[in-house]
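**Q** Provided below are the primary sequence and the corresponding predicted coordinates.
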Amino acid sequence: MVGTQLSARDFFRVAYENRYTWDAAFPGYTADVSFTHNGETYTGQAKIGADFKAEVTGIADETAQKIVHGQLFEVSIHRVRRGFEQTHGNNTFSYGETLADGSVEILMGGKSEGDRYQIRNQEVSMVHRHIHGVVVTIHTYSSHDTGAGYLSHRYDSIYHDPKTGEPKGGLSTFEDLYTEVGGYSILSRRTIETETESGKDVQDFVFSNIALIAAA
């Protein structure tokens, strides 16, 4: 059993520190963006600055602009490098079940009481977190090995009401592709399919002409 070798805290820490993040020298980047939603395509420019703040310009449709900005915001917050103690210093960790595929469940206590994760091959393969008044559950099925940490490739997510357990919206399935620019792995395409009452809602984001921002 894993627990005979590592504490649950250290077992989780290995996976946490194996995530791909951008370093302190990250200069930011610009890209052209093409967003296709149910047959309609919108084009513009995207930027994530050295301060990790996202900007989208050139898309006249306000709803489409906000959707693209939302995805860039999600990208940037997941690339921020924070120390383990800074993020999880107020949490406690214990082992849960070991699943048939070898995933090991980690149960959280303390500040993140009720959250749980699954770890497989030193990667987080499932997240079940309480955030902003809902519960989000994310299963990751494949990942990219950047050589400097892993990035999720295919995964899905769904939100539930924390009190009733009722789903809030349909299951969303993601596929992310990355390209390396100047030593940084940067999202080049994201496709999201969300189950709806009328079928599937499809969003496709393509980032091209990616360039790091030159130092002033």
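**A** Sure, I can see it.
**Q** Does residue 186 touch residue 29 like I think?
**A** Yes - using C-beta atoms under 8 Å, residue 186 makes contact with residue 29 at a distance of 6.1 Å. All C-beta atoms are positioned from the backbone trio N, CA, C, and that covers glycine.
**Q** Report the set of residues contacting both of the two.
**A** Counting by C-beta atoms under 8 Å, 6 or more residues apart in numbering, the residues touching both residue 186 and residue 29 are residue 210.
**Q** top helix in the protein by residue count?
**A** Longest among the helix segments of the chain by residue count, using DSSP state H, is helix 62-79.
**Q** Can you name the secondary structure element that comes next after it?
**A** helix 84-88 (DSSP states H and E).
**Q** how about the nearest residue to residue 175, chain neighbours excluded?
**A** Nearest-residue entry for residue 175: residue 191, 4.8 Å, with adjacent residues in sequence omitted and distances by C-beta to C-beta, 6 or more residues apart in numbering.
**Q** quick one: contacts for the one you found?
**A** 174, 175, 202, 203, 204, 205.
**Q** any idea of the pLDDT on it?
**A** On pLDDT, residue 191 comes in at 98.
**Q** again with residue 4
**A** 49.
**Q** Check residue 1 too.
**A** On the pLDDT scale, residue 1 is placed at 45.
**Q** do the same with residue 124
**A** 97.
**Q** how about the strands of the chain, start to end?
**A** 28-37, 40-49, 54-57, 91-98, 104-110, 116-120, 123-131, 134-145, 150-160, 172-181, 184-196, 199-212 (DSSP state E).
**Q** Just send those strands back as a markdown table, with distance to residue 20 too.
**A** Listed next are the strands of the chain as a markdown table, based on distance: least, C-beta to C-beta, whole Å:
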| stretch | distance to residue 20 |
| --- | --- |
| strand 28-37 | 15 |
| strand 40-49 | 15 |
| strand 54-57 | 18 |
| strand 91-98 | 22 |
| strand 104-110 | 20 |
| strand 116-120 | 16 |
| strand 123-131 | 11 |
| strand 134-145 | 8 |
| strand 150-160 | 5 |
| strand 172-181 | 9 |
| strand 184-196 | 6 |
| strand 199-212 | 16 |
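**Q** out of these, which comes closest to residue 22?
**A** Closest of those to residue 22 is strand 184-196, at 6.2 Å (criterion: C-beta to C-beta).
**Q** May I see the buried residues of the closest one?
**A** 184, 185, 186, 187, 188, 190, 191, 192, 193, 194, 195 (16 or more other C-beta atoms under 10 Å).
**Q** And these, which is closest to residue 154?
**A** Taking the buried residues of strand 184-196 together and measuring to residue 154 by C-beta to C-beta, the closest member is residue 191, at 9.9 Å.
**Q** separation between that closest one and residue 138?
**A** 16 Å (C-beta to C-beta, to the nearest Å).
**Q** and if you look at residue 41?
**A** 28 Å.
**Q** which one of these two has more residues nearby?
**A** Shown here are residue 41 and residue 138; by other C-beta atoms under 10 Å, residue 138 has more neighbours (18 against 11).
**Q** residue contacts, the closest residue to residue 186 other than its chain neighbours?
**A** Distance criterion C-beta to C-beta, 6+ apart; nearest residue to residue 186, sequence neighbours excluded, is residue 210 at 5.4 Å. Taking C-beta under 8 Å, 6+ apart, we find residue 210 in contact with 29, 30, 31, 179, 181, 186, 188.
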